[in-house]
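*Asks:* Would you be able to build a 3D model of this:
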Amino acid sequence: MTDESLPLREQRWFEDYRPGLVLAFGSIRVEEAEVIEFARRYDPQPFHIDADAAAKGAYGGLIASGWHTGSLMMRLLVEHYLSPVSGLGSPGLDELRWLAPVRPGDTLSVRVTVLEARRSQSKPDRGLVRALMEVLNQRREVVMSMKALNVTLCRNPPPAG
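*Replies:* Below is the predicted model:
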């Protein structure tokens, strides 16, 4: 289910992230200079930093580091999904998969499917939201996926006592 009545991210709380909710958003272009710059600094494998070597390699051309793809995804999540008023970060993720190469010139977007939302028993002013996060290219192919857990404050915490 998609939800046209979902509040803006600046007004989202735990109660707004209901299981089954699907959100699709964002558009970010993968630039060749950024692919090379990121990889030189963090993942200097030839198929990320050397167009000539990459052209002769297994991928037939330059590809972005998976960590770069994850960073681009994170940018879109911050801009469109994670609430600045209720988000408390994440204790981690599971099942990270890089499913297809991301190339310079690709345009990426993100699709988030809320899988589970449960209020914390130890800290009832917040809840845990587990979601499938998918990065898609301009052909709507899923190039990366993961299941993430986010901690989010509740709009209506139970009364103290």
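*Asks:* Please name the residues that touch the residue lying closest to Y42 once chain neighbours are set aside.
*Replies:* Excluding the flanking residues, the one nearest Y42 by Cβ to Cβ, 6 or more residues apart in numbering is W67, at 6.0 Å. All C-beta spots, glycine's among them, are computed from the backbone N, C-alpha and C. Going by Cβ atoms under 8 Å, 6 or more residues apart in numbering, W67 touches F38, Y42, D43.
*Asks:* Show me which positions of the helix or strand harbouring W67 end up buried.
*Replies:* Using DSSP states H and E, W67 sits within helix 66-80. Neighbour-count burial for helix 66-80 flags G66, H68, T69, G70, L72, M73, L76, L77, H80 (criterion: 16 or more other Cβ atoms under 10 Å).
*Asks:* List the residues that contact the fifth one.
*Replies:* For L72, the contacting residues are I28, V30, L108, V135, taking Cβ under 8 Å, 6+ apart as the criterion.
*Asks:* What does the pLDDT read for the closest residue to G26 other than its chain neighbours?
*Replies:* The shortest distance from G26 to any non-neighbouring residue, by Cβ to Cβ, 6+ apart, is to L76 (3.6 Å). L76 is assigned a pLDDT of 97 by the prediction.
*Asks:* Quick check: L76 touching V110?
*Replies:* Yes: taking Cβ atoms under 8 Å as the definition, L76 is a contact partner of V110 at 4.6 Å.
*Asks:* what sits in contact with each of these two?
*Replies:* F25, G26.
*Asks:* Could you tell me which ranges of this structure sit under the pLDDT cut-off?
*Replies:* 1-4, 160-161 (pLDDT under 70).
*Asks:* all strands for it, in order.
*Replies:* Under the criterion DSSP state E, strands of the chain are mapped to 22-29, 92-98, 107-119, 126-136, 142-153.
*Asks:* Go through those strands and name the closest to A58.
*Replies:* strand 92-98 (13.7 Å; Cβ to Cβ).
*Asks:* Quick check: closest non-adjacent residue to Q45.
*Replies:* Nearest to Q45 is A39, by Cβ to Cβ, 6+ apart, at 6.9 Å.
*Asks:* Many thanks, have a good one.
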